[in-house]
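J.: Would you be able to build a 3D model of this:
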Amino acid sequence: MSEAGRVVRHVMFRGRVQGVGFRAFVEDMALLRGIAGWVRNRRDGAVEAVFAGEPAVVADMIAACREGPPSAQVDTVEATEAGPVALAQARAGELFSVLPTA
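T.: This next block holds a predicted model:
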């Protein structure tokens, strides 16, 4: 989705991304960049996120998450276009949400 220079990306991170502070890292990085969206653990061991913002800022966010916090090891990153339905899962009133495991 792209409207007025804004993109929304659905991203799946796989590797050693649970139990290592990955979601807190993603939340901190998103808030620093002014990115809207959410992050959550998946029962399959992945971490799922939705990022919305300026294209270059979202690309930078995904690149930062490829590195992750020091104790993480991100093996794969899958990013696809998303839309308002994916973004709407964030909690009302929050720029960026950490959601329960799905």
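J.: end to end, how far does stretch 72-89 reach?
T.: This stretch, stretch 72-89, spans 25 Å end to end (Cα to Cα, to the nearest Å).
J.: Show me what that stretch is in contact with.
T.: Identification of contacts with stretch 72-89 by Cβ atoms under 8 Å, 6 or more residues apart in numbering yields 1, 7-17, 20-22, 25, 36-38, 50, 52, 62, 65-68, 97, 99. All C-beta atoms are positioned from the backbone trio N, CA, C, and that covers glycine.
J.: Report the separation between residue 45 and residue 22.
T.: Spatial separation of residue 45 from residue 22 under the definition Cβ to Cβ, to the nearest Å is 11 Å.
J.: can you check residue 64 too?
T.: When distances are taken as Cβ to Cβ, residue 64 and residue 22 turn out to be 12 Å apart.
J.: Please apply the same query to residue 56.
T.: Distance, residue 56 to residue 22, using Cβ to Cβ: 23 Å.
J.: Neighbour count for these two, which is higher?
T.: Each of residue 56 and residue 22 had its neighbours counted (other Cβ atoms under 10 Å), and the higher figure belongs to residue 22 (23 against 10).
J.: Could you pull up the residues touching that one?
T.: By Cβ under 8 Å, 6+ apart, residue 22 lies in contact with 13, 47, 68, 69, 72.
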